[in-house]
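*Asks:* From the sequence below, what's the structure:
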Amino acid sequence: QLQLVESGGGLVQPGGSLRLSCAASGFDLDYYGIGWFRQVPGKEREGVSCISANIASTNYADSVKGRFTISRDNAKNTVYLQMNSLKPEDTAVYYCAADLEALCVIKIPAAYEYDYWGQGTQVAVSS
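*Replies:* From the prediction side, this is the model:
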């Protein structure tokens, strides 16, 4: 069974850091492009970052550029999202998604382009 599991969310003060993990089971992430999305109640799911299967390209939403870093460890079948200098507006449920064909070249693919999704992990930034 193909499964993605996010972890690493929590409550952090503004300016703090968190590292989210997205671990895959049942399939080899090596060949999949990965996206990180976030969603707050009443709003559409927003693309945060993506990374291509061959790690050749990454993209970030303007709101997180310079603060977030996406990376992948294919040996561990895991993708990470390092989040630094967190702001209250980063508060959301964060999801990772995987797809064989979603390209991460010019921009973050839309959510509908990803076939596989994790269950989400809550990130709350508050003092």
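
*Asks:* The residue nearest the centre of the chain: what's it in contact with?
*Replies:* Most central in the chain under C-alpha atoms, centre = their mean is Trp36, positioned 2.2 Å from the mean C-alpha point. The contact partners of Trp36, taken as C-beta atoms under 8 Å, 6 or more residues apart in numbering, are 20, 22, 47-50, 70, 79, 81, 94-97. In short, each C-beta sits where N, CA and C put it, glycine included.

*Asks:* and it, bridged to which residues?
*Replies:* Listed beta-bridge partners, Trp36: Ser49, Cys96 (assigned using DSSP bridges).

*Asks:* Can you tell me the closest non-neighbouring residue to Ala124?
*Replies:* Nearest in space to Ala124, with sequence neighbours left out and distances taken as C-beta to C-beta, 6 or more residues apart in numbering, is Leu11 at 4.6 Å.

*Asks:* Can you get me a residue count around the one you found?
*Replies:* Applying the criterion other C-beta atoms under 10 Å, we find 12 residues in the vicinity of Leu11.

*Asks:* so how far is the helix or strand harbouring it from its chain's centroid?
*Replies:* Using DSSP states H and E, Leu11 sits within strand 10-12. Distance of strand 10-12 from the chain centroid (C-alpha atoms, centre = their mean, to the nearest Å) equals 16 Å.

*Asks:* Tally up the residues packed near Asp62, please.
*Replies:* Burial measure for Asp62: 6 neighbouring residues, criterion other C-beta under 10 Å.

*Asks:* do Leu103 as well
*Replies:* Each residue near Leu103 was counted by other C-beta under 10 Å, and the total is 15.

*Asks:* That one contacts Ile34, doesn't it?
*Replies:* No. At 11.9 Å, Leu103 does not count as touching Ile34 under the criterion of C-beta atoms under 8 Å.

*Asks:* I figured Trp117 was touching Asp99, is that so?
*Replies:* No. Using C-beta under 8 Å, Trp117 is not in contact with Asp99, being 9.8 Å away.

*Asks:* Right, I'll call it a day here.
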